[in-house]
Every structure is written in structure tokens, then in C-alpha cells.
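**Q** need the 3D shape of this:
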Amino acid sequence: MGKSNFGREWTQIYAIYGMDQWQTLVFLLCHAVLFSVLSVLFLLYFDVIFYFFQTFLSSPGAARFAAGFSGAFTAISAVCLFFSAANFFYSAGPLHYDMAQRMVGSVNDWSTVKLALDIGCGRGILLNAVARQLKKTGSSGRVVGLDRLKRTTLSTLRTAKIEGVGEYVTCREGDARSLPFVDNYFDAVVSAVFVHTVGKEYGHRTVEAAAERMRVLGEMVRVLKPGGVGVVWDLLHVPEYVRRLQELKMEDIRVSERVTAFMVGSHIVSFRKPSQHVMGPSEVRLDWRF
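**A** Numbers count the residues shown, from 1 in each chain. Predicted coordinates for the structure are as follows:
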């Protein structure tokens, strides 16, 4: 039975948290099976397919090449789809769990954290990791999970009870682009594979979507106390986040090595809000490993 890098059984992770977007996994697996069947049919009925192509192509060599190329394409597609499904399955559970532990490790001293916020908490993998850290340090603090859907927050509270950290967790429904909290409220703000989903109704690579993502970062900084730490693990748009954090004069900006998640590159970005407003560019420590 496989374990995550932090010693948790994969089956335990999925038993507690389930899987978001399981439809995507089913879609990938169904297409992988379909292309596998097609590639087997190409092998079994190659001569028939060859004669079919020959009706359109005058040269037997060209027809044989077209039939062989089509068979190879379906076989390679099946392999790629199975790999994508496996990566999606791994990313949704064990990798998400491991990255949550790494994000928690980005905050040096949890004993000083009284209030933390998880933006886009989902089913609570990161939220509960923060709560376990608060419990471990003997803190009297709490972590608030924010999600757009009320049914998700109810599910998150159930996972917190299963993990034995229910007293450290509270959940709230809200919009990450306009956080329902006052300025300088949290000692730590975290978010895992969420920010890239904001503004997706405009398309991921549009100016409008980018503006929505920047609003989330701005809100994250707004509710963070001076001296507080923010940690974001996300896909695709990390360079945008770094530039925005520089504009907001954040300090100690760090970018982790590249980790493949959900079939694309991902990074953890951590930063600290200055104790007082400082003019001039922020220092950025980058570790871009591709």
C-alpha cells in the first residue's frame, strides 16, 4: 500500500477527503480505455484498415503508412491518457496532502499564530494540516476555512472532526475576491490550488481572469496582519503572483521548485507582510527548477 512522503496511507487520505472533480478522472479513464480498445482493433484488423485507406490513397505504401500511423497514434494516446489519469489521481490526494505539509512548514513559528485563514479550503486537506500544527504547538488559535459553496464547508467540518481537530476549525462561505474580514485580521493566510480557478469564466489566459486573480492576492494581503505570513500553492500563474506581491511591497518572497500537479507545473509561493510600509522593490528568492 502506497504512502505519501509524510507517511500517510493513500487509502486513508481518500477515505477521509474523497476526491474533488472525480468526473475528470472518469473522463480520462474512459477515453484511455476507448483508445486502448481502438489500438487493439488496429492490430487485429490491420489488413482491413489498410484496404480501407487504400480506397482513398493510390499508393499501397501510403495506405500502409496511414494505417500504421493511425494505430500508433491511438496506442500512444491511450498511454498518455492513462498517465494523465494516474497523475490526476495522485495530485488530488497524496500530492495535495504532501504539499499541504510543505506549506505548513513555510511558517516558522505556529505558536504565535492565533488566527489563520485557508482561502478555497475545499474538503480541508490544507485546512486540517494547519489545524494539526496549531494543536501540535499547543496553540489556542483557530483556522478559518473559506469556500464558495456551503455544502463544501459542511463537508470540511466533518473531515476536521475525523482528523481530531474540530475544535481548531471553523468554516465560512464567501467570495475570495471580497473577503468578509476586516483589514489586518489574520496571522497567516494560505491557499492550495485555488487561485487559478478564480475568473475562469473569462478564460484562463484573458486579461479579465488575470485581474480577478490579482484581486484575490490583494485581498489576501489586506486581511494579513503586519508581519504575517502568506503561502500559496498553485498552478500555471505563479509568475503573475510574484509580480503582484512585489507591487504590493511584500517581503521575503520565496518560490519553491517546480512540482508537476494535475498534469501541469506548480509552485509554492510564500511571503511576509512588512511590519510597516517600506518603499522600494522587495527581495525575491527564486528557485525555478524545470
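**Q** what residues sit buried inside the lengthiest helix in the chain?
**A** The longest helix of the chain (DSSP state H) is helix 60-90. Neighbour counts over helix 60-90 (16 or more other CB atoms under 10 Å) mark 63-64, 66-67, 71, 74-75, 77-78, 81-82, 84-85, 87-90 as buried. For every residue, glycine as well, the C-beta is placed using N, CA and C.
**Q** and what of stretch 202-214?
**A** Those would be 209, 210, 212, 213, 214, for stretch 202-214 by 16+ other CB under 10 Å.
**Q** quick one: average pLDDT of it?
**A** Stretch 202-214 shows an average pLDDT of 87 in the prediction.
**Q** next one: stretch 217-229
**A** According to the model, stretch 217-229 has a mean pLDDT of 96.
**Q** so what does residue 271 look like in phi/psi?
**A** Note on residue 271: its backbone torsions stand at phi -160, psi 170 [degrees, to the nearest 10].
**Q** quick one, helices of the stretch 101-250 of the chain?
**A** 125-136, 150-162, 207-223, 238-247 (DSSP state H, counting those that start in this stretch).
**Q** what lies in contact with stretch 175-187?
**A** Stretch 175-187 has contacts (CB atoms under 8 Å, 6 or more residues apart in numbering) with 112-117, 119-120, 141, 144, 146, 148, 172, 174, 191, 194-195, 198, 212, 215-216, 219-220, 222-226, 228-229.
**Q** stretch 123-141 now?
**A** Taking CB under 8 Å, 6+ apart as the rule, stretch 123-141 contacts 13, 17-18, 20, 96-97, 100-101, 103-104, 107, 110-111, 113-116, 118, 121, 142-143, 145, 152, 155-156, 159-160, 163-165, 168-169, 187-188, 190-192.
**Q** drop anything exposed from those.
**A** Buried among these by 16+ other CB under 10 Å: 13, 17, 96-97, 100-101, 103-104, 107, 110, 113, 115-116, 118, 121, 142-143, 145, 152, 155-156, 159-160, 163, 165, 168-169, 187-188, 190-192.
**Q** coming back round to it: of the contacts of stretch 175-187, keep whichever come out buried.
**A** Buried subset of the contacts of stretch 175-187 (neighbour count, 16+ other CB under 10 Å): 113, 115-117, 119-120, 141, 144, 146, 174, 191, 194-195, 198, 212, 215-216, 219-220, 222-225, 228-229.
**Q** remind me, longest strand of this protein?
**A** Counting residues, the longest strand found in the chain (DSSP state E) is strand 224-235.
**Q** packing partners of it?
**A** Strand 224-235 is packed against helix 96-105, strand 186-192, helix 207-223, strand 264-272, with contacts defined by 3 or more CB pairs under 8 Å, 6 or more residues apart in numbering; DSSP states H and E.
**Q** just send the ones you listed back as JSON lines, with distance to residue 53 too.
**A** Below are these laid out as JSON lines (distance: least, CB to CB, whole Å):
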{"stretch": "helix 96-105", "distance to residue 53": "46"}
{"stretch": "strand 186-192", "distance to residue 53": "49"}
{"stretch": "helix 207-223", "distance to residue 53": "43"}
{"stretch": "strand 264-272", "distance to residue 53": "36"}
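**Q** so which of the ones you listed is nearest residue 55?
**A** strand 264-272 (41.6 Å; CB to CB).
**Q** buried stuff in the closest one?
**A** Across strand 264-272, burial judged by 16+ other CB under 10 Å covers 266, 267, 268, 269, 270, 271, 272.
**Q** and the fifth one, what does it touch?
**A** In this structure, residue 270 makes contact with 103, 106, 229, 230, 231, 232, 252, 253, 254, judged by CB under 8 Å, 6+ apart.
**Q** buried among the residues you listed? Make that a PyMOL selection.
**A** In PyMOL, a selection of the buried entries from the contacts of residue 270 looks like this (16+ other CB under 10 Å):
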select buried, resi 103+106+229+230+231+232+253+254
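**Q** burial of residue 259, as a residue count?
**A** Residues within reach of residue 259, counting by other CB atoms under 10 Å, total 17.
**Q** hey, what's the nearest residue to it once chain neighbours are set aside bridged with?
**A** In space, and not counting its chain neighbours, residue 259 is closest to residue 266: 5.1 Å by CB to CB, 6 or more residues apart in numbering. Per DSSP bridges, the residues bridged to residue 266 are residue 235, residue 259.
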